[in-house]
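# here you go, sequence then predicted model.
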Amino acid sequence: MSKKKNVLVAGANGTTGRIIIDLLKMSEKYQPIAMVRKQEQKDHFEKENVAAVLGDLEEDLSRAVKNADKVIFAAGSKGKNVIGVDQEGAKKFTEAAKKAGVEKFVMLSSMGADNPTISEELEDYLRAKGNADDYLRNSGLDYTIVRPGALTDEEGSGKIQLKEKLEKQGSISRANVAQTLVEVLEDDVKQNQFFEILDGETPIEKAVRS
């Protein structure tokens, strides 16, 4: 029985992050490490038997990533600090992961990150996400970049549509996004690729491997 891989989740305390942690807890391959900013959040995860580390995306992250085999970046500033967190924080996390020898980096991005002008109100955010994605792609790390449409809190169907470019707008449940992020942690799944996802008809485990 091979040992479970440690997966560090940045943004573990967010809505999508918590779903990711729950999925990793049930996994036979992975165990989650929640990266959080506040001691009370760390205590909360530890009460649930989830390993947690303190890490701030605007500070030094070398200690936070040191035991991670793989990482998922699911952090976001909800528009409050797109440069500091969504862009530069993601870059810092990428650098720290690279120095720590992380095997794979899974990035939660956004549809439109490659074309920020499609949305006037989200333009700054999408540009920040696109810059973070480009930085990861040029980092030398193995990666998968997942770009969902608008996130909803609906129940996960476990089914999506996936293409490098879907050429349409739409929405997807956070649960389906979280499941997709966990599915692509595997070494050969969508390795060094990026793609868009919406709710759809194809089971997630099949969609990410086709």
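Structure's in. What do you need? Numbers count the residues shown, from 1 in each chain.
# use CA for all of it now, contacts and neighbours both
Noted.
# tell me the secondary structure for the nearest residue to S77 once chain neighbours are set aside?
Leaving aside its sequence neighbours, S77 sits nearest to V85 (CA to CA, 6 or more residues apart in numbering; 6.0 Å). When classified by DSSP: H, G, I helix; E, B strand; the rest coil, V85 comes out as helix.
# count the neighbours of V85 for me.
Neighbour count for V85, taken as other CA atoms under 10 Å: 24.
# now do the contacts for it.
For V85, the contact set (CA atoms under 8 Å, 6 or more residues apart in numbering) comprises L57, E58, A75, G76, S77.
# which among these count as buried?
Buried members of these, scored by 16 or more other CA atoms under 10 Å, are L57, A75, G76, S77.
# do you know how far the third one is from D153?
For G76, the distance to D153 (CA to CA, to the nearest Å) stands at 16 Å.
# can you add secondary structure, distance to V184 and pLDDT and give the contacts of V85 back as a markdown table?
Listed next are the contacts of V85 as a markdown table, based on DSSP: H, G, I helix; E, B strand; the rest coil; distance: CA to CA, whole Å; pLDDT from 0 to 100:
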| residue | secondary structure | distance to V184 | pLDDT |
| --- | --- | --- | --- |
| L57 | coil | 23 | 97 |
| E58 | coil | 27 | 96 |
| A75 | coil | 17 | 97 |
| G76 | coil | 20 | 95 |
| S77 | coil | 24 | 94 |
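# would you turn the buried ones among the contacts of V85 into JSON lines with distance to S171?
Converted to JSON lines, those look like this (distance: CA to CA, whole Å):
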{"residue": "L57", "distance to S171": "27"}
{"residue": "A75", "distance to S171": "19"}
{"residue": "G76", "distance to S171": "18"}
{"residue": "S77", "distance to S171": "20"}
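# which one of those is nearest to D188?
When the buried ones among the contacts of V85 are ranked by distance to D188 (CA to CA), A75 comes first, at 24.1 Å.
# so who does the nearest residue to the closest one once chain neighbours are set aside touch?
Leaving out its chain neighbours, the residue that sits closest to A75 by CA to CA, 6+ apart is G11, at 3.7 Å. Residues in contact with G11 (CA under 8 Å, 6+ apart) are G17, A34, M35, V36, F73, A74, A75, G76.
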